[in-house]
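A.B. asks: Show me how the following folds:
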Amino acid sequence: MNTVLDPRLLLERATGQFAALVATVEPNRLDDRTPCTEYNIRALIGHVLGNTLAYAYIAEGGSVADEPGDIKEVPDDDWAAAYKASGERLTAAGRGLTDGALDNIVDLGFAKMPMRAALSAIVMEIATHTWDLREALGTSPELDQELAEFSLAYAHDTLPPTRRGAPVPFEPVQPAPEGADTYGRLAAWLGRKASAGTPGI
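C.D. replies: Predicted structure coming up:
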């Protein structure tokens, strides 16, 4: 696992991968449930869209007061374009950061951490919800393994089994079944019930 990879280098890959999957969602699937039990597909996309914009604001020098929260008011046929634009904004914000800026402490509202850790967190968030969306759709596109490896290493480092429950928004660690791929192991670590042999990897 590459745990020292600069998270700025992963923003375009993470957001692009999620955007590509969102573009395959038909409007009649938006009410389908996802493995992230709090959300159906529409709410999941709105959640990731809001978080992507929030981290873009922070990387641009904004404050938590600028964070939009989960986004609900997007026409059903506009989710793909809305997410693509948010991903491009986050990627551009990341590219605009100097190496030194990665050590700056930023306030995320729920925690303060170096910018490097904050960007790593949003990569993990997007990668995990990409798995959620793929599972909900029942499709089998090949996913970026390095994103999952980076995210799982970050999750192991920052979200041990004892750090669950409020304010940490993850369920207890679930056992990853034998044969689960890296995305499945990431999902299980963050509280999802993953199946063995996730398609497409």
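A.B. asks: ok, the residue nearest to the spatial centre of the chain - contacts?
C.D. replies: The centroid of the chain falls nearest to I126 when counting by CA atoms, centre = their mean (1.5 Å). Contacts for I126 (CB atoms under 8 Å, 6 or more residues apart in numbering) come out as A14, T15, Q17, F18, V48, N51, T52. For the C-beta atoms, the positions are set from N, CA and C on the backbone; glycine is no exception.
A.B. asks: now G96: how far from V22?
C.D. replies: Using CB to CB, to the nearest Å, G96 is found at 25 Å from V22.
A.B. asks: Same drill for these two, tell me which one is more crowded.
C.D. replies: Applying other CB atoms under 10 Å to G96 and V22 shows that V22 carries more neighbours, namely 22 against 12.
A.B. asks: doesn't S120 fall inside a helix?
C.D. replies: Yes. Judged by DSSP: H, G, I helix; E, B strand; the rest coil, S120 forms part of a helix.
A.B. asks: ranges for the strands of the chain?
C.D. replies: 105-107, 112-114 (DSSP state E).
A.B. asks: is it possible to export those strands to a markdown table including distance to R185?
C.D. replies: Listed next are these as a markdown table, based on distance: least, CB to CB, whole Å:
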| stretch | distance to R185 |
| --- | --- |
| strand 105-107 | 28 |
| strand 112-114 | 24 |
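A.B. asks: mind giving me CSV with these and columns for distance to A187, mean pLDDT and mean neighbour count?
C.D. replies: Shown next, in CSV, are those (distance: least, CB to CB, whole Å; pLDDT from 0 to 100; neighbours: other CB atoms under 10 Å):
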stretch, distance to A187, mean pLDDT, mean neighbour count
strand 105-107, 27, 94, 15
strand 112-114, 23, 94, 14
